[in-house]
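> after the sequence you'll find the predicted model.
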There are 2 protein chains.
Amino acid sequence: MNIIEGGVCAAKGFSASGIHCGIRKNKNKRDLALISSSVSANAAAVYTTNLVKGAPLIVTKRNISDGKARAIICNSGNANTCNADGEEIAEKMCCELSNAMGIRAEDVIVASTGVIGQPLSIEPIKNGIPSLVASLSDNGSGLAAEGIMTTDTVVKEIAVEFEIGGKTCRIGGIAKGSGMIHPNMATMLVFITTDASISSQMLSKALRTDIASTFNMVSVDGDTSTNDMVCVMANGLAGNEEIASESEDYKTFMKALNTVTVYLCRKIASDGEGATKLLECRATGAQDVLTARKVAKSVICSSLLKAAMFGSDANWGRVLCAIGYSGADVDISSVGVSFASKKGSIEVCKNGAGVEFSEEKAKEILLEDEIEILVTLGDGQYEATAWGCDLTFDYVKINGDYRT
Amino acid sequence: MNIIEGGVCAAKGFSASGIHCGIRKNKNKRDLALISSSVSANAAAVYTTNLVKGAPLIVTKRNISDGKARAIICNSGNANTCNADGEEIAEKMCCELSNAMGIRAEDVIVASTGVIGQPLSIEPIKNGIPSLVASLSDNGSGLAAEGIMTTDTVVKEIAVEFEIGGKTCRIGGIAKGSGMIHPNMATMLVFITTDASISSQMLSKALRTDIASTFNMVSVDGDTSTNDMVCVMANGLAGNEEIASESEDYKTFMKALNTVTVYLCRKIASDGEGATKLLECRATGAQDVLTARKVAKSVICSSLLKAAMFGSDANWGRVLCAIGYSGADVDISSVGVSFASKKGSIEVCKNGAGVEFSEEKAKEILLEDEIEILVTLGDGQYEATAWGCDLTFDYVKINGDYRT
């Protein structure tokens, strides 16, 4: 399996584009993105668990209930959430695209990201769609990735190439991370495309299985988005025999999918609002995977630990504390903690108690911008990884700034 | 019922003191506190639910298993948590006090607050106890309150006077809030004294009932302390007929207790690390009290909302979002949100959607230092209140600073 260029356009038959249509005031910021498959693709998606759901999610859920889709349209700058006419506007976005592309409106996946509770006008979108469609191209992934960005500071895209039954397959993805012009909890949008042939049922299973250990293990500020969506389109143009069961091919597909999703998870976490550091917590030696996930996620979510990491402070007591309130059934007296980075690794806690360590060495390790927090539970063979970022002055600044 | 002076010494038979014994480097900071009852008192306590528990909690739990206590000793500057010899040191603190006061070591409530995982030497405590005991006085509540302070910026104490069966009773309390010289999650220590006569069983019931709607509804940073403890001593010197059932007298006692605890909750929240504002979220119209509590606490805990309040930003979408992921079973389409302060009240969301409102008026209201977030669920008659504070640059600074 190789990492390749092309993002969501790497897979055969996919093209993309991104433009500024006027939802945002800043003309230099693209605010409308399109991803298209030349043929009907099997589609699957997962949505936020928040009871407050963006209107586009409801429309998308309806549209891909048949497991099929042709295109994805997404605007940034407005979440189209908590608006009385939200669904109507989301439907219109699908209809306008359907007219412009000659595809069924029911084959459109629609998404929005931005401030909640602000009416979204269809006008700029309607006026922008013609040029959005006209500019579709095989190397438009980067423009689409820009179009879904909010306060993201870097474009997030990746693609991998792998083989199934002698056929070359590709999976590519783009993502938007946490933060918006008007920060409002929309922490994640991920669009994945592949030319691998896989039944919509197995595609859905693959996505649901994968996100449990990837996107659901990412936290920037603990606020569950109202507009989160991860969706994947598989158009089968790679020509491999359709994956219709948990075969070896399915495992190969899962491995490739996981490479794409883990890469995007790390990108999203490291580009979290105000973040200066990527935090990766690996919990090992758990009695089961759920325990490992509870522990890793609790550590990653601790405001106190996040602030300590910002300060490059080897404050391991906060790691233990977060494990203690994680709700996981662990024996604290057998817990160990180490911090690691490019500069090496240092053990700070063993059997639930502190061990002598060099604060200088710890500081040197924690001054890096990618920090690993290694937790050993000494209780079994299962493990899990969670990704997050440090809590910084900029996080407070970005989210404390007045909206107008 | 009147609010009176005296703190934990307001009730008959209680005296207190606080000194600097040398656990802290700063000689101007008291680091050892004592509260004493002239006669044996019924005692009850509640402890942190964190699996990582400070050694003093374990010793205290053992000591008051008979429902009796004579004194409370507490040091600040070191949590005596995650230390191999923690229990031994906590036991020694009880023994030294027992020798100096001529009381049973098993009648001592012991507590510690400060950095986790740093060995606590008994020497400064042992050497300090004689003068600590010698300086016990009827007006020592303030000194004891200082002795348990960490990065608290104000002393937290209160007392109320009320009547039971023609007898004047008093309840007083002191508390330490969130933050330490080496911040480490110890968010709360509360010591309450009363001369009301109440059985240890009913005292325990009263405390457990009360904290569910008071101290358990306070959040500064979502990190559950390892050393939290709320304990109450009742010595019966008021001479009222012992409260031994859920009688009218019990209700009167509960009301007085609640006045003390709510006052301390607000003090703790408003003095949270780096806080510039007290946030009070009142959720009304819930189908049951647990739903109301889930909603109010979720809103208070949202980092995004806390940052918005710091910026005086009427970002109501964050309130709705926090309700949406609270886990409470609510109908979002009937949720309403208003912000209020001394400057008035403003409705920002109705039936789950935004309403037109004056950003200027909202800003004026939110610039105050005590903000009420009113959530109406339109689903029943139950309500709950949660207390918290804004998320500020100083929170990050305090918790990001290197420990040494």
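Yes, it's here. None of the values given here were measured: they were computed from a predicted structure.
> span of stretch A:133-149 from start to end?
This stretch, stretch A:133-149, spans 19 Å end to end (CA to CA, to the nearest Å).
> who's in contact with it?
With CB atoms under 8 Å, 6 or more residues apart in numbering or on different chains as the contact definition, stretch A:133-149 has outside contacts at A:6-10, A:14-19, A:29-36, A:74-76, A:97, A:100-101, A:111, A:113, A:155-157, A:159, A:172, A:174-176, A:189, A:191. To be clear about C-beta, it is placed using only N, CA and C from the backbone, and glycine gets the same treatment.
> run the chain-centre distance for the helix or strand hosting residue A:130.
For residue A:130, the element it lies in under DSSP states H and E is helix A:123-134. When C-alpha coordinates are averaged (CA atoms, centre = their mean, to the nearest Å), helix A:123-134 and its chain have centres 26 Å apart.
> let's see which of the contacts of stretch A:133-149 end up in strands.
Judged by DSSP state E, the contacts of stretch A:133-149 include A:14-19, A:32-36, A:74-76, A:111, A:113, A:156-157, A:159, A:172, A:174-176, A:189, A:191 as members of strands.
> tell me how many other residues crowd the closest residue to residue A:333 other than its chain neighbours.
Distances taken as CB to CB, 6 or more residues apart in numbering or on different chains place residue A:352 nearest to residue A:333, at 4.4 Å, with adjacent residues excluded. Neighbours of residue A:352 under the rule other CB atoms under 10 Å in any protein chain shown: 22.
> same question for the one 10 residues further on.
The burial count assigned to residue A:362 is 20, neighbours taken as other CB under 10 Å.
> and it, helix, strand or coil?
Following DSSP: H, G, I helix; E, B strand; the rest coil, residue A:362 is assigned to helix.
> packing partners of the helix or strand of chain A with the lowest mean pLDDT?
Ranking every helix and strand in chain A by mean pLDDT, DSSP states H and E puts helix A:393-400 at the bottom, with a mean of 78. Contact partners of helix A:393-400 among helices and strands, from 3 or more CB pairs under 8 Å, 6 or more residues apart in numbering or on different chains; DSSP states H and E: helix B:303-310, helix B:393-400.
> dump it to CSV, keeping only the CA atoms.
Extracted in CSV, the C-alpha atoms of helix A:393-400 (Å, rounded to 0.1, in the frame of the first residue of the first chain):
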residue,chain,number,x,y,z
PHE,A,393,-4.3,30.8,25.0
ASP,A,394,-5.4,30.8,21.4
TYR,A,395,-8.2,28.3,22.0
VAL,A,396,-9.6,30.7,24.5
LYS,A,397,-9.0,33.7,22.2
ILE,A,398,-10.6,32.0,19.2
ASN,A,399,-13.6,30.9,21.2
GLY,A,400,-13.9,34.0,23.4
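> run through who's touching it.
For helix A:393-400, the surrounding residues in contact (CB under 8 Å, 6+ apart) are A:151, A:179, A:183, A:221, A:272-276, B:303-304, B:307-308, B:310-311, B:313, B:391-393, B:395-397.
> can you get me a residue count around the residue lying closest to residue A:391 once chain neighbours are set aside?
Leaving aside its sequence neighbours, residue A:391 sits nearest to residue A:306 (CB to CB, 6+ apart; 3.6 Å). By other CB under 10 Å, 31 other residues sit near residue A:306.
> wait, what's in contact with residue A:306?
By CB under 8 Å, 6+ apart, the contact set of residue A:306 is A:279, A:388, A:389, A:390, A:391.
> which one of the residues you listed is nearest to residue A:201?
Nearest to residue A:201 among the contacts of residue A:306: residue A:388, at 32.8 Å, using CB to CB.
> that closest one and residue A:229: what is the separation?
The spacing between residue A:388 and residue A:229, counted by CB to CB, to the nearest Å, is 20 Å.
> and residue A:254, by the same measure?
For residue A:254, the distance to residue A:229 equals 20 Å [CB to CB].
> more neighbours: the two, which one.
Neighbours per residue, other CB under 10 Å: of residue A:254 and residue A:229, the larger number sits with residue A:229, 27 against 18.
> quick one: that one and residue A:112 touch, right?
No: counting by CB atoms under 8 Å, residue A:229 does not reach residue A:112; the two are 9.7 Å apart.
> and the nearest residue to residue A:197 once chain neighbours are set aside, its phi and psi?
Nearest residue to residue A:197 in three dimensions, chain neighbours excluded: residue A:236, at 3.6 Å (CB to CB, 6+ apart). As for residue A:236, its main-chain torsions (degrees, to the nearest 10) stand at phi 70, psi 0.
> contact partners for residue A:236?
Contact analysis of residue A:236 by CB under 8 Å, 6+ apart lists A:39, A:41, A:42, A:195, A:196, A:197, A:198, A:242.
> would JSON lines of the residues you listed with secondary structure be doable?
Listed next are these as JSON lines, based on three-state DSSP:
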{"residue": "A:39", "secondary structure": "strand"}
{"residue": "A:41", "secondary structure": "strand"}
{"residue": "A:42", "secondary structure": "strand"}
{"residue": "A:195", "secondary structure": "coil"}
{"residue": "A:196", "secondary structure": "coil"}
{"residue": "A:197", "secondary structure": "coil"}
{"residue": "A:198", "secondary structure": "strand"}
{"residue": "A:242", "secondary structure": "coil"}
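> what's the closest of the residues you listed to residue A:370?
Using CB to CB, these come closest to residue A:370 at residue A:196, 30.8 Å.
> and for that closest one, the neighbour number?
By other CB under 10 Å, 30 other residues sit near residue A:196.
> what sits against it?
Taking CB under 8 Å, 6+ apart, we find residue A:196 in contact with A:11, A:164, A:169, A:170, A:171, A:234, A:236, A:238, A:240, A:243, A:253, A:256.
> could I get the residues you listed as CSV with secondary structure, distance to residue B:131 and pLDDT?
Formatted as CSV, the contacts of residue A:196 follow (DSSP: H, G, I helix; E, B strand; the rest coil; distance: CB to CB, whole Å; pLDDT from 0 to 100):
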residue, secondary structure, distance to residue B:131, pLDDT
A:11, coil, 77, 96
A:164, strand, 79, 96
A:169, strand, 78, 96
A:170, strand, 77, 96
A:171, strand, 72, 96
A:234, strand, 77, 96
A:236, coil, 83, 95
A:238, coil, 82, 96
A:240, coil, 82, 96
A:243, strand, 78, 97
A:253, helix, 73, 97
A:256, helix, 71, 96
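> check which helices and strands the one helix or strand residue A:375 maps to is in contact with.
Element membership for residue A:375, per DSSP H and E: strand A:370-376. Judged by 3+ CB pairs under 8 Å, 6+ apart, strand A:370-376 is in contact with strand A:278-286, helix A:289-301, helix A:316-324, strand A:336-341.
> tell me what angle whichever helix or strand comes after that strand forms with helix A:289-301.
As assigned by DSSP H and E, the chain's next helix or strand after strand A:370-376 is strand A:382-389. Put simply, strand A:382-389 runs at 20 degrees to helix A:289-301, going by axes from the mean of the first three to the mean of the last three CA atoms, to 10 degrees.
> low-confidence ranges, the stretch 301-404 of chain A, go.
The stretch 301-404 of chain A contains residues with pLDDT under 70 at A:401-404.
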